[in-house]
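Asks: Quick one: sequence plus predicted model below, questions after.
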Amino acid sequence: MKLPPRARATRAATTTLPIPITIPAMLPALLVAAIPATLLALLPACGGSRTPPAPSPGPGPAPGPVSGPAGDPRPDSAGGDAVAGDGAADRLAPPRPAPRPDQRPELFPPPWKAVGVGQTISFATTAIDQDLDRIAVAVTAMPASARFDPITQTVTWKPDRADLAAGVGTFRLEVTDLDHPELELTEEWQLPVTAKKAPVPVAPFAGAEAETLFTIREPARVAATARAYPFDAMLALGATLSRPSLPADVVAALGPPDRKALFRSFLKGMAEIHGNPRLDPDAPGFDRATFGDPRDWRLVVVRPRIDKKFHELRLVYQAVKAPEPVFAMFRVRPVQDHPTLPPEARAENNRVFAALFWKHLLTADGAPSPALVKDRARHGKAVLAFVQGVLGHKGTEAWNQAGFVALPTEARMGGGSARNPDGSYAHGDGWAWSVMTPIVAPGATVQSYVNIPIPGFWTHTVPSADGASWIGTCAPAFDPDDPRRTPGWEVLCRKALGFVDLPDRSSGKVAPARIDAVNLFRDHKLGPAAANLPLEDPRRDHGEENGMTCAQCHIRNFGVRDYTDARTLDPRAGVPTVPNRALPTLNFQIIPSHTWEAYTLEFMQDQACKTRQHLEAALGKAPALPCLLADPAAPRVTAPLPP
């Protein structure tokens, strides 16, 4: 999928058995809110938290030398940083890869094998470009019965009798790389039209660990939890669980959470990020039928995460009536989430979470339960009990009670599409990410969900104080204590957490941004943010969300770190010199709706490895979970799991 730089390419293709889709993002202008300064220090990585990420566990202590390759200095400060300004820390980076040829945009045909008359389907026309070029996609031919929204890059089609007579629906796409105007790409998709409705493409069962422990997404397995926690109830619960972090006088003035007001503020926040009136309850163009009823925002995935410094639960909701993918994900923990937690809070959080996870989802010896794999309804009850245990936890200390972390959102509603002056589509894929939290505005007596600065990613890494693991740190250009810093960039550095935010320059000064999208911040992402730590560097995997921004993580074309290479885990073994291995491009898969993509499958293996080690650390006993990534003889993921 590569072309020589500045080459001219024209391609026509006909696809009758399409393959996976999913998604990306961008926005014409950055949005800046007046929010309390204390919120700027809240969240690391995509979705965030107030606590720094933990190093990822690996297959065990690494053998090998105490020092790395020739010229690799050992850190001499308590935090592992070399002396500021001496360039030593920079030499901990592996050799920079040679510049690669410009890569052509990749398209992902619809998953439908056929479509029935009167059956409504939707699919994306988004293109992914690993160089973050500005890509414009236009549908130049389609059936008269189809509609195309260029802002969200979505086709909606309900074939009629004329389409049945034609036997096929033809969609022709023209893709333009605006950074290489001479490049042209034409693609044609043909979908057969049948008299009867075609089956909806559904991702196949991906194994016990993935489906019953880490990405619980089959409807019967989440139904009980969905009934117990409708979307507006979760908005209210998130507001309630966040109150212990607010000042006592502010909490005293608050009444019970107002579900309608919280839902309304959530919609307003989504509309603000995406610049789309279909999401705005105050706009004439508000799509009330699709987005206006909280009952149509349904739980679709339960995701226990035991690979974080603080184990947590993620509940993913989707606007199920929307032709576009629109998601909101609640992040919650057994203990509160605020910067003043005592040291014992982490151990208590992880012990409680691990005990609940083992009790409800594993067998006595810590293996996936064959009974729960087979009986979806029974598994659904176990999932509900686990969720209730996390959300209802309450210990004897004030901090030892369930806490709300953040509400990340991810949608293909136009936030990743740049607009022309008249508001029409200019380029982009429609996808954007943001993070909300329920705050109380000065003088207010109600909570509202508000977009806050979206967390950044690792720009540099050094050995920990004991030299046994890799930790993130702000690259010199962003470090306020480094004489090599670029003036103004230091506001992006969350030094205690070791990462750098995305830059919003809309005010004329640099500030943390409240949105992430694929072709936003291109110069930042490809320049100073990666100058000390290439995106494929395996040490990034020890950071929150693999040390990447949301958009970067969702279009990756490489996997997780090599567990068999001790250097990717332990600085005492040296500095890794091989990047993470190549994989097929991840097409913005939020949930495996119609396929399990290659990276998602490998990420499930990564979760199993980390869960095994974290459970043993928290509970003192090892679960019977595999760690295939640490076994050189185990087969490696090489392709998606098709529908």
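Replies: Great, that's in hand.
Asks: Only C-alpha atoms from now on, for both contacts and neighbour counts.
Replies: Will do.
Asks: ok, longest helix in this structure?
Replies: If each helix of the chain is counted by residues according to DSSP state H, the longest one is helix 598-619.
Asks: Show the average pLDDT along that helix.
Replies: pLDDT averaged over helix 598-619 equals 97, rounded to a whole number.
Asks: who does it touch, helix- and strand-wise?
Replies: Based on contacts counted as 3 or more CA pairs under 8 Å, 6 or more residues apart in numbering; DSSP states H and E, the elements that helix 598-619 packs against are helix 344-361.
Asks: Check which residues of the helix it packs on are buried.
Replies: Buried residues in helix 344-361, defined by neighbour count with 16 or more other CA atoms under 10 Å: 345-346, 348-354, 356-358, 360-361.
Asks: contacting residues around that helix?
Replies: Residues external to helix 344-361 that are found in contact with it (CA atoms under 8 Å, 6 or more residues apart in numbering): 212-213, 306, 309-312, 333-335, 364, 366, 368-369, 372, 379, 382-383, 385-386, 389-390, 399-400, 615, 618-619.
Asks: T445 against L254, yeah?
Replies: Yes. In this structure, T445 sits in contact with L254. The criterion is CA atoms under 8 Å, and the distance is 5.1 Å.
Asks: P584 versus the residue most central in space within the chain, what's the distance?
Replies: Centroid-nearest residue in the chain, with CA atoms, centre = their mean: C550, separated by 4.6 Å. In this structure, C550 and P584 are separated by 18 Å, where distance is defined by CA to CA, to the nearest Å.
Asks: For the nearest residue to A233 once chain neighbours are set aside, grab the count of nearby residues.
Replies: In space, A233 comes closest to R259 once its chain neighbours are excluded; the distance is 6.8 Å by CA to CA, 6 or more residues apart in numbering. Other residues within reach of R259, judged by other CA atoms under 10 Å, total 18.
Asks: In this structure R259 contacts A236, no?
Replies: Yes. At 5.7 Å, R259 counts as touching A236 under the criterion of CA under 8 Å.
Asks: what about the closest residue to A261 other than its chain neighbours, distance to A283?
Replies: By the measure of CA to CA, 6+ apart, the closest residue to A261 outside its immediate chain neighbours is S448, 7.4 Å from it. The span separating S448 from A283 equals 19 Å under the rule CA to CA.
Asks: Those two: who's more crowded?
Replies: Regarding S448 and A283, a neighbour count based on other CA under 10 Å identifies S448 as having more, with 25 against 13.
Asks: The more buried one: what's it in contact with?
Replies: 261-262, 265-266, 437-440.
Asks: go with 6 Å
Replies: Applying CA atoms under 6 Å, 6 or more residues apart in numbering, we find S448 in contact with 262, 265, 438-439.
Asks: For those, pick the one with the most neighbours.
Replies: Sorting the contacts of S448 by how many neighbours each has (other CA under 10 Å) puts P438 first, at 26 neighbours.
Asks: Dihedrals phi and psi, the residue nearest to A261?
Replies: Dihedral angles of S448 (phi, psi; degrees, to the nearest 10) stand at phi -140, psi 140.
Asks: counting residues per strand, which one in this structure is longest?
Replies: Secondary structure of the chain read by DSSP state E shows that its longest strand is strand 403-419.
Asks: Run through who's touching that one.
Replies: So strand 403-419 is in contact with 25-28, 47, 49, 151-152, 238, 241-242, 274, 325-333, 335-337, 425-437, 517, going by CA under 6 Å, 6+ apart.
Asks: For L183, give me the pLDDT.
Replies: 76.
Asks: Would you mind giving both backbone torsions of it?
Replies: With angles defined as degrees, to the nearest 10, L183 shows backbone torsions of phi -80, psi 140.
Asks: Give me the neighbour count for it.
Replies: Applying the criterion other CA under 10 Å, we find 18 residues in the vicinity of L183.
Asks: cool, and the one 5 residues further on?
Replies: As a burial measure, the neighbour count of E188 was computed by other CA under 10 Å and equals 20.
Asks: got it, and R147?
Replies: Residues near R147, counting by other CA under 10 Å, number 15.
Asks: Show me what it is bridged to.
Replies: When bridges are assigned using DSSP bridges, the partners listed for R147 are T156.
Asks: From T120, how far out is it?
Replies: When CA to CA is the yardstick, R147 and T120 sit 11 Å from each other.
Asks: on that earlier part again, and the residue nearest to A233, how far from S448?
Replies: Counting by CA to CA, the gap from R259 to S448 is 10 Å.
Asks: before we move on, what about A289?
Replies: Summarising the geometry, the distance separating A289 from S448, computed by CA to CA, is 23 Å.
Asks: ditto for K359
Replies: With distances taken as CA to CA, K359 is found 36 Å from S448.
Asks: same thing with D287?
Replies: According to CA to CA, D287 and S448 sit 21 Å apart.
Asks: now do P463
Replies: With distances taken as CA to CA, P463 is found 41 Å from S448.
Asks: Which residues lie in contact with T125 in this structure?
Replies: Q153.
Asks: switch to 8 Å and redo it
Replies: Shown in contact with T125 (CA under 8 Å, 6+ apart): 107-109, 137, 153-155, 173, 429.
Asks: So which of these are in strands?
Replies: Among the contacts of T125, the ones falling in strands (DSSP E) are 107, 137, 154-155, 173, 429.
Asks: Tell me, how many residues neighbour T577?
Replies: Using other CA under 10 Å: T577 sits among 16 other residues.
Asks: Let's verify it: helix, strand, or coil?
Replies: Secondary structure assignment for T577 (DSSP: H, G, I helix; E, B strand; the rest coil): coil.
Asks: G380 contacts T225, doesn't it?
Replies: Yes. Taking CA under 8 Å as the definition, G380 is a contact partner of T225 at 7.3 Å.
Asks: G169: helix or strand, and which one exactly?
Replies: G169 is part of strand 168-177, with elements assigned from DSSP states H and E.
Asks: Over to V560?
Replies: Using DSSP H and E, V560 sits within no helix or strand.
Asks: What sits closest to it if chain neighbours are left out?
Replies: Taking CA to CA, 6+ apart, and ignoring the residues beside it in sequence, V560 has N580 as its nearest neighbour in space, at 6.1 Å.
Asks: Am I right that that neighbour sits in a helix?
Replies: No. According to three-state DSSP, the state of N580 is coil, so it is not within a helix.
Asks: ok so, going back, list the neighbouring strands of the strand holding G169 plus their orientation.
Replies: Sheet pairing for strand 168-177, using DSSP bridges, gives strand 135-141 (antiparallel), strand 184-194 (antiparallel).
Asks: quick one on the thing from earlier: who wins for most neighbours among the ones in strands among the contacts of T125?
Replies: Counting neighbours by other CA under 10 Å, D429 comes out on top of these with 35 neighbours.
Asks: where's it relative to P453, distance?
Replies: When CA to CA is the yardstick, D429 and P453 sit 22 Å from each other.
Asks: ditto for F310
Replies: For F310, the distance to P453 - CA to CA - is 21 Å.
Asks: Check F603 too.
Replies: As for F603, its distance to P453 is 26 Å (criterion: CA to CA).
Asks: Who has more neighbours out of these two?
Replies: More neighbours sit around P453 than around the other of F603 and P453, counting by other CA under 10 Å; the figures are 28 against 18.
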